[in-house]
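In: One predicted model, sequence on top.
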Amino acid sequence: MELVKTQVQMERKKGEASAQATFDEVYNLPDYLPDLFSVILTSQDVRLDEIKAGTGHVLVRGAIRFRVLYRTDQNDWKISSLEGEIPFQETLVMDQMDEFDIASVEPVLEDLSVRINNSRKLNIRALLELKASVGERYDVELPESLEADRQPEVMMEKREFLELRYHGSEQCHIREEVQIPSNKPNVGQILWQQAQIFGMETRIAPGEVTIQGEIQVFLVYAGEESGGLQWFVERVPYQCVFEIPEADSSLIPYVTIRSQSLNCSLGNDADGEPRVILAEADLRADICLYGERKQELISDTYALDCSLVLEKDDISLMGLRMKNESACRVNETMKIQNPDQDILQICAGFGDAGIDHREITEDGILVEGAVKVQLLYLTSSDQTPIEAMEEVIPFKYTIEIPGIASNDQVELQHSLDSLSFLMKNSREVELQAVIGLQALVTTPSELEVIRDIRREDLKIEELNTQPSIVGLTLTPEDSLWKIAKKYHTTIERIKKTNRLENDNITQGMKILLIKQLPQRI
């Protein structure tokens, strides 16, 4: 007798760790930059250069990159900018880590502040948190059929669960060209540049996974030949296509995307004029593809001509509760705090959405977070023609998941899909933002599966102690399978003896049972 098994690939979290690092650095302005009078705007991101796994630890190397737009009195446009980076190297202790494991590391820049020491020196302070996790794949063997000379009685049970079809990390390099509008002069000197990725939509097709969204490019520059202070902002679409043979439109994708670097540089157009901005970014995509599988499994078996000893294991399977993609809309009025300034025109706005808290409620998943926005605008002041303001706007949203339970597992991703600003008057701006929330909710279920079957000779003495004919009044706990196995008969024999048309039985029903003996007795 042979137990035929099917293999299902699963994944579980092997270990996780986190570490915080604080930075307090002094930055000296290069000689070629004008003196610093006050800070207008800052931007920052984190670049990971190396993630190296070792026994019991993960080594992470990278840099915090910062840019500062500041006010000066040493040029005609009275603004300038600088950029720099703070390198770091951190070791995260993770006892479960092995040398050949692949760790996933998420950097979270909690805070970065820029203080002026003097006109040539800045103090940069930052708090960086690194979150690392490592998973492991494993195969679960599920019994699906029996091969035997004499087919025993078998009870099948239908199960629905998620099977991991693919998990891998993919890299994508984005390179998009943005043309400066024809009504603007050529670029003489770049004073400030900033780029941001909006929206990350995932599409799956046979053999490939596609990620697409938009890149917003913003540029402040001095025009050639007394072109004056110029600026422009534009969004261009991008697309990354990953060739994955396992991909299929029936699969459920769960994709985590992180921008490792985002840079802008000046290029020439077809006429050799400096009128092209090259926006480049490196994206790292952690892609999981799941398939919903329906499988009939052997849950129990017995034979009339021998004793079957079942060896069982306890396993855990994950079933899909729901994959939900929601949009949280945020509307807020921002007011200028400086009473001596008025807004003449909005230049550009940037933002970043973060989730601070989540919890499972009766209605779904309660998500609380905040959108940190930056707005750059032109003012009516000749001394400060460009100004900026920052604001942190909280939001709260419930992702509706009917029937969600407290023990369900939730994977949650978010993205800033849209951000726009509208002038209400010279002192107020209306902010409109859309935050995309992607939730994958799975339900764990414990299952006892047959690992092996051992055949033993039938114990005739015990069999002879059982009555040959039994009359039975059914209880709510009874089933035809339990009764047939206990009284050494079959479901078909019970149905035939009692003229039952199907397997449905009710409490209080009276049935007659006749013990079936093996042919060799």
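Out: It's in.
In: For the rest of this, base every contact and every neighbour count on C-alpha atoms.
Out: OK.
In: Give me the mean pLDDT for stretch 255-270.
Out: What stretch 255-270 shows for mean pLDDT is 84.
In: my bad, should have said stretch 468-479
Out: 90.
In: oh, and call the first residue 27 from now on, that's how I've got it
Out: All set: I'll call the first residue 27, so the last point we hit is now stretch 494-505.
In: For it, measure first residue to last.
Out: 20 Å (Cα to Cα, to the nearest Å).
In: is it true that Gln363 lies in a helix?
Out: No. Read with DSSP: H, G, I helix; E, B strand; the rest coil, Gln363 is coil and lies in no helix.
In: now it: how far from Pro411?
Out: 16 Å.
In: Pick out whichever of the two has more residues nearby.
Out: Pro411 (18 against 10; other Cα atoms under 10 Å).
In: So that one is in contact with Leu404, correct?
Out: Yes. Using Cα atoms under 8 Å, Pro411 is in contact with Leu404, at 5.6 Å.
In: Need the residues touching each of the two.
Out: Residues touching both Pro411 and Leu404 (Cα atoms under 8 Å, 6 or more residues apart in numbering): none.
In: Show me what counts as buried in stretch 238-252.
Out: Residues 238-249 are the ones in stretch 238-252 that count as buried (16 or more other Cα atoms under 10 Å).
In: next one: stretch 349-367
Out: Buried residues in stretch 349-367, defined by neighbour count with 16+ other Cα under 10 Å: 349, 352-354, 356, 360, 362, 367.
In: Tell me which of these fall in strands.
Out: Mapping those onto strands (DSSP state E) picks out 349, 352-354, 356, 360.
In: Torsion angles phi and psi at Asp57?
Out: Taking degrees, to the nearest 10, you get phi -60, psi -30 for the backbone angles of Asp57.
In: Count the residues that sit near it.
Out: Using other Cα under 10 Å, Asp57 has 8 neighbouring residues.
In: on that earlier part again, which one among the buried residues of stretch 349-367 gets closest to Asp102?
Out: Gln367 (20.0 Å; Cα to Cα).
In: That closest one reaches Leu404, doesn't it?
Out: No. Using Cα under 8 Å, Gln367 is not in contact with Leu404; the gap is 9.7 Å.
In: got the residue ranges for the strands in the stretch 277-426 of the chain?
Out: For the stretch 277-426 of the chain, the strands defined by DSSP state E, counting those that start in this stretch occupy 278-293, 302-328, 333-361, 369-386, 390-405, 412-426.
In: wait, which of those strands is closest to Ser505?
Out: Nearest to Ser505 among these is strand 302-328; the distance by Cα to Cα comes to 13.3 Å.
In: I'd like the mean pLDDT over that closest one, please.
Out: Across strand 302-328, the average pLDDT comes to 91.
In: Could you give me the buried positions within it?
Out: For strand 302-328, the neighbour count (16+ other Cα under 10 Å) marks 302-318, 321, 323-325, 327-328 as buried.
In: same check, this time on stretch 415-424
Out: If you call a residue buried by 16+ other Cα under 10 Å, then stretch 415-424 has these buried ones: 415-416, 419-421, 423-424.
In: Also stretch 535-542?
Out: 537, 539-542.
In: Could you list every helix and strand in contact with the helix or strand hosting Phe49?
Out: Taking DSSP states H and E as the criterion, Phe49 maps to strand 28-54. Applying 3 or more Cα pairs under 8 Å, 6 or more residues apart in numbering; DSSP states H and E, one finds that strand 28-54 makes contact with strand 105-119, strand 147-173, strand 179-205, strand 454-482.
In: quick one: strands adjacent to the last one?
Out: Counting by DSSP bridges, the strands paired with strand 454-482 are strand 333-361 (antiparallel), strand 435-449 (antiparallel).
In: Let me know the next secondary structure element after the worst-scoring helix or strand of the chain on mean pLDDT.
Out: Lowest by mean pLDDT, DSSP states H and E among the helices and strands of the chain is helix 486-490, with a mean of 81. Next helix or strand after helix 486-490 toward the C-terminus (DSSP H and E): strand 495-499.
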